[in-house]
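1. I would like to see how this sequence folds:
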Amino acid sequence: MRTATARAALLSCVAILLGVFVRVSPAQTTRPAEIDVILWFDTEDYLLPADDDAAKRLAELLSQRHIRATFKVVGEKARVLERRGRHDVIAALKEHEIGYHANFHSVHPTPTEYLADCGLLDGMEEFVRREGPGAADVRRIFDVPTLVCYGQPGSSWAPQAIAALGACGIGYSAVPCYLDSGHHVGFGDRPFWYAGALNVYDMGKNETRMDLWAEDGLERGEKSFASIADRLATEGGGLISIFYHPCEWVHQEFWDGVNFRRGANPPREQWRPPPQRPMEETDLAFARFAQYVDFMRVRPGIRFVTARDLPELYPDPLRSDGASEAQLLELAGRILAPDSKGLDDQRIGSEIFSPADQFALLAFAVARGIDSPGATGVVRVRPGLLGPDSVAPAPTVARVIPWPAFRDATRDVRDFLQNSQRIPARVFIGADSIPPADFVPAMAAAYVAMLESHQTPQSVALPSGIEVLTMRHVAPDTPGLFGGWIIHKQGFRAPKVVEQARLQAWTLKPALRRD
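-> Below is the predicted model of the structure:
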């Protein structure tokens, strides 16, 4: 055991020296960063005291190398650190960025469990009620004005949580950020915009991590990272997501599996800490991790970023610049194209427009033309636009409607968007309600006609059965989607959560990396 400890100490010293060398390497000072690496740690175990020291050790290991990471802290973990007087741990973590990882993590009901029967609005309220106090405690204890991101415990994901982040004080530069690992919704293994937030989620082939305990874990971890970095370099750059839990360095079994497995919910006085690893094993794992980090740092073109950096790295120009008349005409043309298969995300130059963006922009543009004939210029939408809160009515037959009926419907839609900040679940044409997707081509046609003829048309064609194609990026409802997490009951399903996820796909679009 003494030999193992000595070896670990030697490895740590070598890693630190290597880190010093890397910081002055000409390769990194003369070549611009092409690959961003986000290191994030779900800081959650509030039962095993050794986890406190593991979190501090990780934070200090990275600080020594001038690497800033993102520590997503559970509310109860922050309160436990405060009660234990571990201000040294809090200070070490504050050298990095602080995110949020639920109030009690695995204590039932978990987020998906308590949101399983909710709609959009009542689900957002319930998330804020249950998770808002924990977020406030993390902000207070760590003395930070805002939390840079949130990510769900296990697979306990729900779109209502993403939509409610701003109300919980989560986000930087007024941009809520969702950072985690899962497969509920994604967009080509890259960051994306969804439900009003910037998401780094379902990163697929761009997510990796080293096995801390396998004999060849370091070798395989380095090989995997190098392969991803090389591929992204050929693609013009990108983001690599790497995550761990501080408790992984010290426990033999996850703390929540010991207590809350498959729906178990013992009272607090019966909670048990997990068995702890021998210190020699922990030391070796830290030494291997230091080597892993230094391997990444020595590669040219690698830059470590945090959740705080993401809004600047992946901005949405529509939030600040709006859409020009030329862009709106291009969008309208694509929507009305004979080969169009439905509403999809659309890229025009450096801007990408989700189906929700297209709906809102056309509604505001057409309504402005109705109220002020001949008015032109940039059209803007407020950030944080959400999808519908319920399923649309069944499509009716395609038909032509007179201009006064279309005019009144457009004004009503405009008012709904301004007051509710979400896509309406139905659009009323007099007494009839139609799916909002069917109204988008009608608005596109009216917009083009008004610009070309400088007058309103006598009637507008109303199509039927238009699909929101971005829904294809939402995972299907399967027994393993939520039930695969050891904390949920075996086979636990939440079809209404998946339904809400599909509705929020109106807001889905890839996030473009700033050059």
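2. low-confidence ranges in the stretch 1-150 of the chain?
-> 1-33 (pLDDT under 70).
3. Strands of that one, start to end?
-> 35-43, 70-73, 97-100 (DSSP state E, counting those that start in this stretch).
4. Tell me how many other residues crowd the closest residue to residue 143 other than its chain neighbours.
-> Using C-beta to C-beta, 6 or more residues apart in numbering and skipping residues adjacent in sequence, the residue nearest residue 143 is residue 94, 7.4 Å away. (Glycine included, C-beta is placed from N, CA and C.) Residue 94 is flanked by 15 other residues according to other C-beta atoms under 10 Å.
5. Now do the contacts for residue 94.
-> 142, 143, 144 (C-beta atoms under 8 Å, 6 or more residues apart in numbering).
6. Give me the buried entries from the residues you listed.
-> residue 142 (16 or more other C-beta atoms under 10 Å).
7. May I have the predicted confidence score for residue 320?
-> Here the pLDDT value assigned to residue 320 is 89.
8. got a markdown table for the strands of the stretch 1-150 of the chain, with distance to residue 283 and mean neighbour count too?
-> Formatted as a markdown table, these follow (distance: least, C-beta to C-beta, whole Å; neighbours: other C-beta atoms under 10 Å):
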| stretch | distance to residue 283 | mean neighbour count |
| --- | --- | --- |
| strand 35-43 | 19 | 25 |
| strand 70-73 | 21 | 28 |
| strand 97-100 | 27 | 26 |
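9. Output these as TSV; include the columns distance to residue 182.
-> Below are those laid out as TSV (distance: least, C-beta to C-beta, whole Å):
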stretch	distance to residue 182
strand 35-43	12
strand 70-73	14
strand 97-100	16
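10. nearest to residue 190, of these?
-> The stretch from those with the least distance to residue 190 (C-beta to C-beta) is strand 35-43; that distance is 11.4 Å.
11. just the contacts of residue 94 now: which is nearest residue 268?
-> The closest of the contacts of residue 94, once distances to residue 268 are taken by C-beta to C-beta, is residue 142, at 23.7 Å.
12. what residues are up against the closest one?
-> Contacts of residue 142 by C-beta under 8 Å, 6+ apart are 73, 78, 90, 93, 94, 98.
13. Give me the distance between the fourth one and residue 297.
-> Per C-beta to C-beta, to the nearest Å, residue 93 is found 21 Å from residue 297.
14. With the second one instead?
-> Applying C-beta to C-beta, one obtains 29 Å for the distance of residue 78 from residue 297.
15. Over to residue 390?
-> Counting by C-beta to C-beta - residue 390 and residue 297 are separated by 49 Å.
16. quick one: which of those two has more around it?
-> Higher neighbour count among residue 390 and residue 297: residue 297, with 21 against 14, using other C-beta under 10 Å.
17. That one: what secondary structure?
-> Under DSSP: H, G, I helix; E, B strand; the rest coil, residue 297 falls in the helix class.
18. swap in residue 284?
-> helix.
19. neighbours around it, how many?
-> 21.
20. Next: residue 480.
-> Around residue 480 there are 13 residues (other C-beta under 10 Å).
21. Quick check: pLDDT value at it.
-> For residue 480, pLDDT reads 95.
22. for residue 202, same thing?
-> We have a pLDDT of 98 for residue 202.
23. In a helix, it, correct?
-> No: in this structure, residue 202 is coil, not part of a helix, as judged by three-state DSSP.
24. any weak-confidence spans in the stretch 401-515 of the chain?
-> In the stretch 401-515 of the chain (pLDDT under 70), no residue qualifies.
25. Which helix or strand contains residue 241?
-> Assessed by DSSP states H and E, residue 241 sits inside strand 238-244.
26. What is the burial count for the residue lying closest to residue 340 once chain neighbours are set aside?
-> Of all residues not flanking residue 340 in the chain, residue 334 sits nearest, at 6.7 Å (C-beta to C-beta, 6+ apart). Residue 334 has 17 neighbours, counted by other C-beta under 10 Å.
27. what about residue 334, distance to residue 466?
-> 13 Å.
28. how much space between residue 376 and residue 246?
-> In terms of C-beta to C-beta, residue 376 sits 56 Å off from residue 246.
29. Could you do residue 426 as well?
-> 48 Å.
30. what about the two, which has more around it?
-> residue 246 (26 against 16).
31. from what I can see residue 414 touches residue 363, true?
-> Yes: contact criterion C-beta atoms under 8 Å: residue 414 and residue 363 qualify, at 5.1 Å.
32. which of the two has more neighbours?
-> Neighbour totals were compared for residue 414 and residue 363, and residue 363 leads with 30 against 19 (other C-beta under 10 Å).
33. Now name the helix or strand holding the more buried one.
-> helix 355-371.
34. For the next helix or strand after that helix, list the C-alpha coordinates in PDB.
-> Next along the chain after helix 355-371, taking DSSP H and E as the criterion, comes strand 399-402. This file holds the C-alpha atoms of strand 399-402, laid out as PDB (Å, rounded to 0.1, in the frame of the first residue of the first chain):
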ATOM      1  CA  ARG A 399     -59.600  25.900 -47.700                       C
ATOM      2  CA  VAL A 400     -59.500  29.500 -48.600                       C
ATOM      3  CA  ILE A 401     -60.600  32.100 -46.000                       C
ATOM      4  CA  PRO A 402     -61.600  35.700 -46.600                       C
END
